[in-house]
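Novice: Here you go, sequence then predicted model.
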Amino acid sequence: MSKDIRIKKGLDIKLVGVAEKNTTKSSQSSVYAVKPEDFHGITPKLVAKEGADVKAGDTLFYSKSDERILFPSPVSGKVTEVIRGARRKVLAVKIAADTTQVYKDFGTKDADAMSAEEVKNHLLASGCWPFVKQRPYDVVANPNQAPKAIFISAYASAPLAADLEYTLAGKEAELQAAITAVSKLTEGLVHVSVGANTTSPLANLKGIELHKVSGPHPSGNVGTQIAKLDPINKGEVVWVITPQDLVVIGELLLTGKLNVSRTVALTGSQFSKPAYVTAISGASIADVTANNLNDDNTRIISGNVLSGKEVKADEFLGYYDNQITAIPEGDDYEFFGWNKPIFNKISTSRALTFSWLTPKKKYDLNTNTNGEHRAFVVTGSYEEVFPLDIYPMQLLKAFMYKDLDEMEALGGYEVAPEDFALTEFVCVSKQPHQKIIREGLDLMREELG
Amino acid sequence: MSLKQNLHNLKEKYKGTKMAPAFNAIHTFLYLPNEVTHVGGTHIKAADDLKRTMNIVIMALIPCLLFGMFNAGYQHYAAIDNSLRADVLANFFTFDNLWIGIIKVLPLVIVSYGVGLLVEFIFAVIKGHEVEEGYLVTGMLVPLIVPVDTPLWMLSVAVVFGVVIGKEVFGGTGMNILNPALTIRAFLFFAYPTWMSGDKVWVYDAVNRTGTADAISGETILGSYAQNQEVMYSTFDKFMGFIPGSVGETSTFLILIGAAILIFTKIGSWRIILSAFVGAAVMGLIFNQVVAADIITESSKFYGLMNTVWWEHLTIGGLAFGAVFMATDPVTGSQTNKGKWIYGFLIGFISIMIRVFNPAYPEGVFLAILLMNVFAPTIDHYVVQGNVKKRLNRTKVKTA
């Protein structure tokens, strides 16, 4: 089998507001927050009480289902507030940061000399375990299972995604240490995917199976790569780690400190100067985007436009995110918008839409749905942007009517919500595909384990 | 205040009331709504919606409609004075012809839309869902697939039946099993057979003149063939559509232009269209061979249609129209790409089979499509099972 991944089905969504390659350090936020909802499927048990002093790396809460999985504070400071929602569900733990950061010392480690058990325990104890996510179900990995392989996608194909070659440049030592450590967690291979013509810092690491990826989005989605290289069968588990999280793990091993700062791309047409900033996970959006954002009727997204989360300026950067996107809200009517020729929006059809004439043009899309929600009608359009060997509409319908046998048989173990982001984008009936998949996966996880 | 603001205020006023769907249907017709993307999904969406999709189909049908209006008049006058056929092009695009179209065809369109949309609005208000766009296309298809002399009351009854039984009882657009337009056509055919077949109804006024000194023939080509008679139309006439038939089905040329629009815009499935034509050609060829092998002789009642050259089958009757505009309905057709090949092929194949063997009515396209509508989920089931098997085999290889 060829080691390269080449896909044809998909769609590159080109938007205005690519981040320029210069990085500034964002002013340190006064308040940070960790939101349990960033860790899907985790029920938090609070450790840190309001008013407690914490160091960077101290546990804020742990998982109710497995108390070894710890969720650390990204900064040192004082826990000021635990925000709760309905039924006292923990929504966020807020920390007021100290001016000088103090790190909890986990001790330096030599990854080569560690055993699998030691690596696992170290990641758990240091609060790095949440970086390890698993497929099926796209949740934080279960440490009791053995993955058949580990997948790392260092090729970002999502709209306006941060250029990982740029953001990870110079991090070879950290990446190598992390790879050496996590490769002990699997009997199988550690698959690393990079772009076709790349100078990626991951390309020359040892102990990996390197793959070159080419083709339109979702070629960079780790789900696509898993499907092409080693698809998940019933009963199998693979683990997934993002390269920017590997850097954190690597730094932990080399220095003993948990430093969850990362280079974040500020992208989208509503930034006056789209560029990169360094910020710590959980930083306040207002601080990271200060003096750069046109916040008049703007949708701010932690993540990319396809699968990111909407945040307000007084909310916080998502735990895993290395991108903030800001695009105009589209809450306006458009006269005869459904039948006039369209030049300023993207479409995969040619139904008086003309984006097929200008494949290189960058578009300034807003959040308008461009139509109302309908039952599934059109067929064949999802398949054009969906590279997995799965029938997307049939799987979505099975997920909607919750037939567990069919969900399993049609490929439910192989998908994550983000795999259905493009089909949701092109959906003529404006169905919420990612939500359907997320709810279906939760049901499968509950019923089938 | 602008129209936009006024309508927005009205929408807020009607929100949550029974009349909201009816109001929204009109509002969203004028303005693309101000709805923005929801939590947990993509933040941007492609430009296409269902209204735009349906609109393209209607635009692809307009040439057929306009041609059908002229043809209604042309067939009427040519039946009275056969010499008009000598120079078709000079005598076709005349105002007299168009006038017949205006008084005969346009009312069919108006009644079809009026009655159908009324039923849709009533259901939307009762069930509290939005008025869906499916009927925009159905309403245009229906007048194009009925004989020009169809009484308007009959059409109304059929439309009510078709929309209610063909679609709404299943839950509306996207949920129906049978193509609503063909359900309407089938209802007309089985409820009023004398009006839907025979040698009169296809030409305006032929029915009224029956038994008088001015009697004219309204026979279709298929009708003539079925009775083993010669036809007087040239291949050019058949292809361009200067022949009697249902309002919009006659011009294969314009139907192919419509097909080109549907395929280019990616609205219609080229797989279904192509495979339907292939299926029909194959069946036609088989029948030709049967005749060539002398299995069927001139004395047989099937001889006329079986002896029709295979490619001629593609240009006469409703085959082209059915293949391009009816079989491609994504809701009732096969939904998988592999399934679409099988589905289309069988539609063409069975159409010609029914056309030849049906003793009462020498056309089978609508029956073939309705039949395949019923089998489309079965076809898809087996196609999808192939994918499921592949997945299961993957595990077996591993464990073996």
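Specialist: Sure, I can see it. Computed from a prediction, not measured in an experiment: that's the story for all the values here. Numbering: from 1, shown residues only, chains lettered A, B, ... in the order given.
Novice: Now do the phi/psi pair for the closest residue to residue A:188 other than its chain neighbours.
Specialist: Once flanking residues are discounted, residue A:188 sits nearest to residue A:149: 3.8 Å by CB to CB, 6 or more residues apart in numbering or on different chains. Placement of C-beta: from N, CA and C, glycine included. Main-chain dihedrals, residue A:149, degrees, to the nearest 10: phi -170, psi 160.
Novice: ok, now how distant is residue A:149 from chain B?
Specialist: 13 Å (CB to the nearest CB, to the nearest Å).
Novice: Could you do residue A:181 as well?
Specialist: Counting by CB to the nearest CB, the gap from residue A:181 to chain B is 28 Å.
Novice: Excluding covalently adjacent residues, which one is nearest to that residue?
Specialist: Closest to residue A:181 by CB to CB, 6+ apart is residue A:111, at 4.2 Å.
Novice: can you tell me which residues contact that neighbour?
Specialist: Contact partners of residue A:111, counting by CB atoms under 8 Å, 6 or more residues apart in numbering or on different chains, are A:119, A:177-178, A:180-181, A:253.
Novice: what about it, distance to residue B:386?
Specialist: In this view, residue A:111 and residue B:386 are 45 Å apart by CB to CB, to the nearest Å.
Novice: Next: residue B:361.
Specialist: Counting by CB to CB, the separation of residue B:361 from residue B:386 is 37 Å.
Novice: what does residue B:122 give?
Specialist: Remark: distance between residue B:122 and residue B:386 (CB to CB) = 43 Å.
Novice: Can you tell me the SS state at residue A:61?
Specialist: Following DSSP: H, G, I helix; E, B strand; the rest coil, the label given to residue A:61 is strand.
Novice: With residue A:236 instead?
Specialist: Going by three-state DSSP, the secondary structure assigned to residue A:236 is coil.
Novice: The residue of the stretch 51-200 of chain A found nearest chain B: what secondary structure?
Specialist: Closest to chain B within the stretch 51-200 of chain A is residue A:159: 8.0 Å, counting by CB to the nearest CB. Under three-state DSSP, the three-state class of residue A:159 is coil.
Novice: I'd like to know how many residues surround it.
Specialist: As a burial measure, residue A:159 scores 30 neighbours (other CB atoms under 10 Å in any protein chain shown).
Novice: about what we covered before: show me which of residue B:122 and residue B:386 is the more surrounded one.
Specialist: Between residue B:122 and residue B:386, residue B:122 has the larger neighbour count (other CB under 10 Å), namely 14 against 11.
Novice: Relative to residue B:15, how far out is the more buried one?
Specialist: Applying CB to CB to residue B:122 and residue B:15 gives a distance of 20 Å.
Novice: Can you name the residue of chain A nearest to chain B?
Specialist: Counting by CB to the nearest CB, chain A gets nearest chain B through residue A:371, at 2.2 Å.
Novice: was I right about that residue contacting residue A:334?
Specialist: No - contact between residue A:371 and residue A:334 fails when scored by CB atoms under 8 Å: they sit 10.6 Å apart.
Novice: who has more neighbours, the two?
Specialist: Legend: neighbour count by other CB under 10 Å for residue A:371 and residue A:334, higher for residue A:371 (26 against 16).
Novice: burial count for the nearest residue to that one once chain neighbours are set aside?
Specialist: Computed as CB to CB, 6+ apart, the closest residue to residue A:371 that is not its neighbour in sequence is residue B:49, at 2.2 Å. Residue B:49: 27 surrounding residues under other CB under 10 Å.
Novice: now do the one 3 residues further on
Specialist: Other residues near residue B:52 number 26, with proximity taken as other CB under 10 Å.
Novice: so which helix or strand takes in it?
Specialist: Using DSSP states H and E, residue B:52 sits in helix B:50-80.
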